[in-house]
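> structure for the following, please:
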Amino acid sequence: MSTPASNSAGPPPRVDTAERPFVLIWELTQACDLACEHCRADARPDRHPDELSTKEAKRLLDQTREFGENQLVVFSGGDPLKRDDVVDLVEYGTDVGLSVTMTPSGTASLTPDAVRELADAGLRRMAVSIDGATADDHDDFRGEPGSFDETLRAACAARDAGLPLQINTTVCRQTVSDLPKIADLVADLGAVLWSVFFLVPVGRGAALTPISPDRAERVMEWLVDTDWPFGVKTTEAPHYRRVAVQQTERPPDRQMGITAGDGFAFVSHVGEVYPSGFLPLSAGNVRDRSVVDVYRDSELFESLREKDSLRGKCGACSFRNVCGGSRSRAYAYTGDPLESDPLCSFVPEGYDGPLPWTDAE
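You can find the predicted model right below:
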């Protein structure tokens, strides 16, 4: 088995996003035993018959290595542990020079032995999801009794295995009031990073209610103002960086300007290449074309990297190169990934065009 060279995960902070993504997410499978209310993948119990085979998966990892040394790859799902070759794929990715991390589901399959096996194979970091501060709240959100306890057990197993832990939390009307208590739990678990996902209404998540732009602004101000014992990043809320610039006069150190298609790419379980798992527009399939070529040269990805092509108030915003807005949320609400992000409450000076506010509370 391979062993990781260090506890770090991912490439150096400075990445030329025209040449390589900061992170590539690979959805190994849609299969999962949970029925989470917000599931982007619309997961189901059984694996899809057209999933990438082990041979095709290794070819994808070989292609991904062409982006450069220590390219960050996240094995996602569904539940990656539903694939019986997942440990082999972690080891293979590590051996070819990738930095492999994983977001498994909090189910009975995520045993301490499974966590240890993944760590021994070279996994650099494990991320688990906590969407409620109590078992009742989390399990209700995840649609599976016992998920909270399984997740905490896996988090402790990661710590025991010396595997850095990341906690992911979805922010929507159902979860937002729990965020302070969830943050306390993140600290208690010794996590190195809290990744705060602001809801994009795709998949089963379309049935949930997002928070309002003003509430989102207050959450981001709280995230910036608090002296956390762990790192914090937002997903599908790049205006967090605008808030950080306004309040601290300097941006966060990492992921400066990273948005769907610009520093970020997603490969589905059947090989489709999307700018993000929350932006389901395919630019090609890895069975037909290298993921490197799709990322660097496809019309869709190139357009998403051109911040001056943004429309509405995102296009008029002086922070567009720092932030850029959620291209996934813009697409979910308007059908146009270059439109304004409806979760951002900031209005650029002198802008008098339409305001794409959501209808949330």
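
> can you pull the contacts of residue 220?
234, 237, 239-240, 243 (C-beta atoms under 8 Å, 6 or more residues apart in numbering). The way it works is simple: take the backbone N, C-alpha and C, and place the C-beta from them, glycine included.

> inside helices: which ones of those residues?
Under the assignment DSSP state H, these contribute 239-240, 243 to helices.

> of all those, which comes closest to residue 112?
Distances from residue 112 to these, taken as C-beta to C-beta, are shortest for residue 240 (34.0 Å).

> give me the number of residues near the closest one?
Using other C-beta atoms under 10 Å, residue 240 has 25 other residues around it.

> could you find the closest non-adjacent residue to it?
Spatially, and ignoring its direct neighbours in sequence, residue 240 is nearest to residue 234 (4.1 Å; C-beta to C-beta, 6 or more residues apart in numbering).

> who touches that neighbour in this structure?
Residue 234 neighbours (C-beta under 8 Å, 6+ apart): 195-198, 220, 223, 240.

> quick one, strands of the stretch 1-150 of the chain?
Here the stretch 1-150 of the chain has its strands, by DSSP state E, counting those that start in this stretch, at 23-27, 72-76, 99-102, 125-129.

> return the distance of the last one from the chain's centre.
What that stands for is strand 125-129. 11 Å (C-alpha atoms, centre = their mean, to the nearest Å).

> how many degrees apart are it and strand 72-76 in direction?
For strand 125-129 against strand 72-76, the angle by axes from the mean of the first three to the mean of the last three C-alpha atoms, to 10 degrees is 40 degrees.

> buried ones in strand 125-129, by neighbour count?
125-129 (16 or more other C-beta atoms under 10 Å).

> residue 323 reaches residue 237, doesn't it?
No. Contact between residue 323 and residue 237 fails when scored by C-beta atoms under 8 Å: they sit 9.3 Å apart.

> right, so of the strands of the stretch 1-150 of the chain, which gets closest to residue 61?
Among the strands of the stretch 1-150 of the chain, the nearest to residue 61 by C-beta to C-beta is strand 72-76 (7.3 Å).

> what pLDDT does residue 106 get?
Note on residue 106: pLDDT of 67.

> err, residue 291, not the other one
Looking at residue 291, the pLDDT reads 98.

> phi, psi of it?
In terms of degrees, to the nearest 10, the main-chain angles of residue 291 are phi -60, psi -30.

> how near is the residue lying closest to it once chain neighbours are set aside to residue 287?
Nearest non-adjacent residue to residue 291, counting by C-beta to C-beta, 6+ apart: residue 63, 5.1 Å away. Residue 63 sits 11 Å away from residue 287, going by C-beta to C-beta, to the nearest Å.

> neighbour count winner among those two?
Between residue 63 and residue 287, counting by other C-beta under 10 Å, residue 63 is the more crowded of the two (18 against 13).

> for that one, list the residues it contacts.
Here residue 63 is in contact with 286, 290-292 (C-beta under 8 Å, 6+ apart).

> mind redoing it with 6 Å?
Neighbour list for residue 63: 290-292 [criterion: C-beta atoms under 6 Å, 6 or more residues apart in numbering].

> now the residue most central in space within the chain, nearest residue through space, not along the chain?
In the chain, the centroid-proximal residue (C-alpha atoms, centre = their mean) is residue 235; its distance is 5.8 Å. In this structure, residue 235 finds its nearest non-sequential neighbour in residue 197, 4.4 Å apart by C-beta to C-beta, 6+ apart.

> ok, now how distant is residue 56 from residue 231?
Using C-beta to C-beta, one gets 34 Å for the distance from residue 56 to residue 231.

> out of the ones in helices among the contacts of residue 220, the closest to residue 92 would be?
Closest to residue 92, out of all of these and judged by C-beta to C-beta, is residue 240, at 34.4 Å.

> what pLDDT does the closest one get?
92.

> cool, and the one 5 residues further on?
At residue 245, the pLDDT value in this model is 90.

> and for residue 321?
Residue 321 is given a pLDDT of 89.

> quick one: it and residue 260, what's the gap?
Taken as C-beta to C-beta, the span from residue 321 to residue 260 is 15 Å.

> name the nearest residue to residue 231, ignoring sequence neighbours.
Nearest to residue 231 is residue 193, by C-beta to C-beta, 6+ apart, at 4.4 Å.
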